[in-house]
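Colleague: Fold the following for me, if possible:
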Amino acid sequence: GDNVYEFLNLTQSGLESSLGGSNVSLTGSSVSLAWTNPALLSRSMSGNTALNFTNYLAGVNYGMALYSHTSGKSASIAGGISYLNYGSFTEADETGVITGAFSASEISLGLIYSFHPDSMFSAGISFKPVISQLERYNSIGFAFDLGASWHDPENFLSAGLAIRNLGLQLTSYAGEPKASLPLEVVAGFSARLRHAPFRFSLTLRHLEKF
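Modeller: Numbering: from 1, shown residues only. Here you go, the predicted structure:
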């Protein structure tokens, strides 16, 4: 990859996977959506818990756990953790002699805060410390997500904007130059039909690339 901590861009929920793998505009009661756009964390999600697990290829698995809580009259907070486990690998020396086994994994904690000045607009921020361990090599960093959301429930319309993975790699794995995080700007629009059970979403990714 071009960046460190690429696991931060994994799709963590089945709902988001069904929407194309990335959605920053859909409002509702699924607290998992707040992991992609912190502004989607709403007061209606208070007390909700999200548990997601993906059994990926070749022994790799990843998942996320998130819990939300209403704070005051116009704010919501959530906390959680996401991880990627690369599995177990056979360790060998330069001659091919097997000497044991090693593992690799990456973990990100998450603290999300959203503010709702009125019934149609919201803004949010999330802070995500990252710990990456690849065999005996370790790296620590952090990332921020910034988000905004607008929704018109009377006309079944909503829109969102998220700036994801702003941050730094604090320590590199083996003294190499520090790498950049997978920064991404995402915008989207969703519309539901009034008399039919269909919703359409348009999501534009990597808007930071001219």
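Colleague: Helices of this protein, start to end?
Modeller: Shown for the chain, the helices assigned by DSSP state H span residues 14-18.
Colleague: Mind listing the residues bridging to residue 126?
Modeller: Residues found in beta-bridge contact with residue 126 (criterion: DSSP bridges) are residue 112, residue 145.
Colleague: Can you report how many residues neighbour it?
Modeller: Other residues within reach of residue 126 by the criterion other CB atoms under 10 Å amount to 26. To be clear about C-beta, it is placed using only N, CA and C from the backbone, and glycine gets the same treatment.
Colleague: Please apply the same query to residue 196.
Modeller: For residue 196, the count of nearby residues is 7 (other CB under 10 Å).
Colleague: where's it relative to residue 205, distance?
Modeller: Between residue 196 and residue 205 the distance is 27 Å, computed by CB to CB, to the nearest Å.
Colleague: wait, isn't residue 130 in contact with residue 110?
Modeller: No - in terms of CB atoms under 8 Å, residue 130 does not count as a neighbour of residue 110; the distance is 10.1 Å.
Colleague: For burial, what's the neighbour tally of the residue nearest to residue 13 when sequence neighbours are not counted?
Modeller: Residue nearest to residue 13 in three dimensions, not counting chain neighbours: residue 32, with 3.5 Å by CB to CB, 6 or more residues apart in numbering. By the criterion of other CB under 10 Å, residue 32 has 21 neighbours.
Colleague: wait, residue 32 sits on residue 18?
Modeller: No - Residue 32 is not in contact with residue 18 according to CB under 8 Å; the separation is 11.6 Å.
Colleague: Please spell out the segments of this structure that come in under the pLDDT threshold.
Modeller: 1 (pLDDT under 70).
Colleague: in it, which spans are strands?
Modeller: Secondary structure of the chain by DSSP state E: the strands cover 49-55, 61-71, 75-92, 98-115, 121-134, 137-152, 157-171, 184-192, 199-204.
Colleague: List every C-alpha atom in the first one, with coordinates, as CSV.
Modeller: Once side chains and other backbone atoms are set aside, the C-alpha atoms of strand 49-55 remain, and they are given as CSV (Å, rounded to 0.1, in the frame of the first residue of the first chain):
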residue,chain,number,x,y,z
THR,A,49,-24.0,-1.5,20.8
ALA,A,50,-22.5,-2.6,17.5
LEU,A,51,-20.5,-5.8,17.2
ASN,A,52,-19.1,-6.7,13.8
PHE,A,53,-16.8,-9.6,12.8
THR,A,54,-15.5,-10.6,9.4
ASN,A,55,-13.8,-13.9,8.8
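Colleague: relative to strand 61-71, how tilted is it?
Modeller: Strand 49-55 and strand 61-71 are oriented at 170 degrees to each other (axes from the mean of the first three to the mean of the last three CA atoms, to 10 degrees).
Colleague: Only the buried residues of strand 49-55, if you could.
Modeller: Under the neighbour-count criterion of 16 or more other CB atoms under 10 Å, strand 49-55 has 50, 52, 54 buried.
Colleague: Same list, the strands of the chain, but as TSV with distance to residue 41 please.
Modeller: As requested, the strands of the chain are arranged in TSV below (distance: least, CB to CB, whole Å):
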stretch	distance to residue 41
strand 49-55	11
strand 61-71	6
strand 75-92	5
strand 98-115	4
strand 121-134	6
strand 137-152	9
strand 157-171	12
strand 184-192	16
strand 199-204	18
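Colleague: Good, we can wrap up now.
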